[in-house]
Each structure stands twice: as C-alpha cells, then as structure tokens.
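*Asks:* Provide a 3D model corresponding to the input given below.
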Amino acid sequence: MFCREVESKYYKKLFDLEVYLRFIVIWELKGRWGMQWKSALSPSLLEQIEQKKGSEKSLGYIDYQTHGLLSYCSFSELRDLILGPLWDDCFSKWGAKECITADFKRVIAVRNKLAHFRNITKKDLRNVHYFLEYLEDWSEEYGRLSKYETKFTLEEFCINPKYKDDFKTFVKELNLQTVNLKDIEFDMLASIKGTHFTLTIDLDERSYSNQNLIKLLSAGSRFLSFVSLSKLGNSTEIFISLKTPNKNLMSFIPAIIDILNDTSDLESSETIEKKFEKYISESFLLTDKSLPYQFKK
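*Replies:* Numbers count the residues shown, from 1 in each chain. The predicted structure is shown next:
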C-alpha cells in the first residue's frame, strides 16, 4: 500500500549489505584471533550485546538467537569495529580511513531513514549504490582467495610442508578414520583459504539428517567460523580458523564421521534452508543463497 517498489528493493539491498559486513567481521575476527576472538571486542560492546540478547529473550514471544553475537550489533557498531579496533590488523588495506568513514556515514544515514519508514530519494539511492560499488572493491580479496585456492586430497595435505602441524595431524587422523567407510561414496578435500582451513565434503547424492547436521554445528560451535551447504545439501564446506588448537580439532572428528555415515534421503535446497533456518539466521550456517559471492567458488 504505502511501501513503494524502490523502498522494498533497497531495504533488501541494505539488509544484505549489513549481513555481509557481519560476515566479513566474523571472518576476520575468528581468522585472526581464533577461539579468543571476543578479546578483540570492548567490554562495553560485549555488555551491550548481552543486554540486547537478554531483553529479546525476556519477551518470551519472539525467537532470540543463542549463537551469532554479532547479529546483535547495529550497522553503526559494525562500522565502529571495522574503523576502530580491527582497522590496523584487518581493514587498513581498504584505503584512506577518512574517506571510508565518510562513505559509511552516508550509507548509514540512508539505512536509518529507511529503517524508520521514511521515503527515500534518488540522492539516497546513489549513496547506497556508490557504497555497494566501493565495498565490492574493498572486499575483492575474498574472491581472490577462492579463485586461487588449491584443494588437496587428505593424503596430499598431510605431506605439504607449508601447513601447520596441528591441521596436518587433524587431517591425518580424519583420513585414518574415513578409510573404514568403504561402502560410502564421498570425496574429501582440504585447503587453506587466507586465515582459514577449509574442509570440503562431497557425498553421493545424499543430504544430512537434522540430527547429524545439528550435531556437527554443536560440536564445532566454539571454533567453526562457517559451514556452507550447497548442491542440495550433499556438498559441505567447513571453515575453521587456523588459530584453532589441535585438541578442539580432534574432538570435532566424530561429528564429521557421523555426517559421512548419514543415510538420509535427498532433500530440496528449500527444505534444507527451512530446516536449519535458525542457524542460517545466526550467520553460522550458510546456503548457496546466503553465501556472499566473494566467497563462492
């Protein structure tokens, strides 16, 4: 009735933009600080996040999130993280800080205008459009990580001299435990993507049961950065920070074996997205639709 097509279109763009910024911040935080990533956040921000979660939980009549702390950060708080404590280590390569600060100021002004249901103008749209173009340039490195990523079989990864012993030990033990799965057709590849180790599992026309995928997510909830589902759920890519201690990696192996032993029937991607909507909304589990294109193959 009152919402014009242009507002609806740009609301979606700004929604995607905010979630993508959260994705980038999580990638950098977990990639550089591992399980200690919260130490890069200020005590006051962590307190505000917990207050927001507590307030949402106390309402009782809406779903609150148990994971995804950064989903309780506003756009402005994400900007403050990027331009503040994370700038020197993670984002200074984006360019001149004063210019990027001004770019954020403009797009946040439009975001707030739309969030309060005021009509937006052509000038507002230009500010959003320019910011999206700049962000594509700033985040181009993530696309290069995927483009030039070399994937190895587990055996090849174990003998590669440039990889950390912790991950080689993990891959070696995983390989040993999968040798006995003779009746299951699957391919498993390992690689390093920037600050993350990635494990790709391709199964033979099967998807995962609700129980086993949740077990996988729960087992790695403290150190997994993301789990990406594709190909109707029978292909999975797991992203783990290179800072993850070996003891945590080894404890994760049984959950992977359970996934490989899963004999669920193939389901549609829509069913998978609906089934795991809770995890997807927490920016933890990703599907083809929610994975930013810069991180796609």
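*Asks:* which residues of this structure fall in strands?
*Replies:* Using DSSP state E, the strands of the chain run over 152-153, 186-193, 196-203, 224-230, 235-241, 285-286.
*Asks:* Out of those strands, flag the one nearest Asp63.
*Replies:* strand 285-286 (15.6 Å; C-beta to C-beta). Where C-beta positions appear, they are placed from N, C-alpha and C, glycine not excepted.
*Asks:* quick check: mean pLDDT across the closest one?
*Replies:* In this model, strand 285-286 has an average pLDDT of 62.
*Asks:* Flag the shaky bits of the stretch 51-200 of the chain, pLDDT-wise.
*Replies:* Applying pLDDT under 70 to the stretch 51-200 of the chain flags residues 64-67, 182.
*Asks:* what are the ranges of the helices in it?
*Replies:* Remark: helices assigned in the stretch 51-200 of the chain by DSSP state H, counting those that start in this stretch are 75-83, 97-115, 122-138, 140-147, 154-158, 165-178.
*Asks:* on that earlier part again, any chance of the strands of the chain in CSV with distance to Asp166 and mean neighbour count as columns?
*Replies:* Listed next are the strands of the chain as CSV, based on distance: least, C-beta to C-beta, whole Å; neighbours: other C-beta atoms under 10 Å:
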stretch, distance to Asp166, mean neighbour count
strand 152-153, 16, 14
strand 186-193, 12, 18
strand 196-203, 9, 20
strand 224-230, 16, 22
strand 235-241, 10, 21
strand 285-286, 24, 23
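*Asks:* how about the ones you listed in TSV, adding distance to Leu14?
*Replies:* What follows is the strands of the chain, written out as TSV (distance: least, C-beta to C-beta, whole Å):
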stretch	distance to Leu14
strand 152-153	39
strand 186-193	28
strand 196-203	27
strand 224-230	22
strand 235-241	25
strand 285-286	20
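*Asks:* Against Tyr148, how distant is the residue lying closest to Phe186 once chain neighbours are set aside?
*Replies:* Residue nearest to Phe186 in three dimensions, not counting chain neighbours: Leu203, with 4.9 Å by C-beta to C-beta, 6 or more residues apart in numbering. As judged by C-beta to C-beta, to the nearest Å, Leu203 and Tyr148 stand 26 Å apart.
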